[in-house]
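**Q** Sharing a model that was predicted from the sequence below.
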Amino acid sequence: MIQIHPLPAIGEVRPGDDLARTLANAVHAAGIMPVASDVLAVTQKIVSKSEGRFVDLDTVTPGPKALELAEVTRKDPRLVELVLAESQNVVRAVPNVLIARHRSGHVMANAGIDRSNLGPGDGDRALLLPVDADASAARLRDALAAIWPEPPAVLITDSFGRPWRYGVTCVAIGASGMPSLVDRRGDVDRDGRTLEVTQIALGDMIATAAGLATGEGAEGVPAALVRGLSWTVADTPAAALVRPIEEDLFR
């Protein structure tokens, strides 16, 4: 049976905090001893905070392109400048919407730059994604291995919208110790038909399940441990979930 254990005993994370130790303490506070098949789902926000990915918007000077896009999108030109700096390209810019392809390949609103739930601090700040969320997940899992002999897999989650549906769901942007993508092509269904295109976005599915516990607003639950999973294929990073731009289905 799959179980989702929220981890509320984390508190405010600050730059330089030992996030692995903080998460381990929260797991212990929940009365859980992790096993290797567990997945520790950690929201991007506390990973970015611990890595000091804050930017003081007062230090940002928007360039001509940012000013132009800010006029179109009605957004803060300083935020738009950060979006451009963090992105490969802009996918869509209309009033109140700025969709960009982040340097990691993830396509998301505002290049994943966040201004909500930033916690106490001076100035008008924004929070960037981790530089490399897969590397962040690997570092966290390595640090957890010093605490537990069989550390859980680590999944770094964020919430994305979908182009043709309302609402957000959680996705995996970083992973270590588990397969983010499971390729079922070549398997057969119950009728013996060969699966031709089926690939399972396991990382995204677990991220969304954990999101039921972590929430999107003021819940104050930035991590959850998901138990009862199993897999038989090799580990793959969350980068494996990103469709290459040359395989874009809509252009």
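**A** Perfect, thanks for sending it. Residues are numbered from 1 along each chain as shown.
**Q** Show me how this protein divides into domains.
**A** 3-52+130-242, 55-125 (the TED database).
**Q** TSV please, covering those and showing distance to Asp248, mean neighbour count and mean pLDDT.
**A** In short, each C-beta sits where N, CA and C put it, glycine included. Shown next, in TSV, are these (distance: least, Cβ to Cβ, whole Å; neighbours: other Cβ atoms under 10 Å; pLDDT from 0 to 100):
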stretch	distance to Asp248	mean neighbour count	mean pLDDT
domain 3-52+130-242	11	18	94
domain 55-125	10	17	93
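**Q** Tabulate those domains in TSV, adding columns for distance to Arg251.
**A** TSV is the format used below for the domains of the chain (distance: least, Cβ to Cβ, whole Å):
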stretch	distance to Arg251
domain 3-52+130-242	13
domain 55-125	10
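**Q** The stretch 101-250 of the chain: helices as residue ranges?
**A** 133-145, 202-214 (DSSP state H, counting those that start in this stretch).
**Q** Need those helices in JSON lines (columns: distance to Ala224).
**A** Listed next are the helices of the stretch 101-250 of the chain as JSON lines, based on distance: least, Cβ to Cβ, whole Å:
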{"stretch": "helix 133-145", "distance to Ala224": "15"}
{"stretch": "helix 202-214", "distance to Ala224": "4"}
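**Q** Minimum distance to Gly186: which of those has it?
**A** Of all the helices of the stretch 101-250 of the chain, it is helix 202-214 that lies closest to Gly186, at 17.1 Å by Cβ to Cβ.
**Q** what residues does the closest one touch?
**A** 2, 4-6, 39, 41, 43, 155, 157-159, 169-172, 175, 178-182, 221-224, 226, 229, 231, 238, 241 (Cβ atoms under 8 Å, 6 or more residues apart in numbering).
**Q** Distance check, Gly186 against Val221.
**A** 39 Å (Cβ to Cβ, to the nearest Å).
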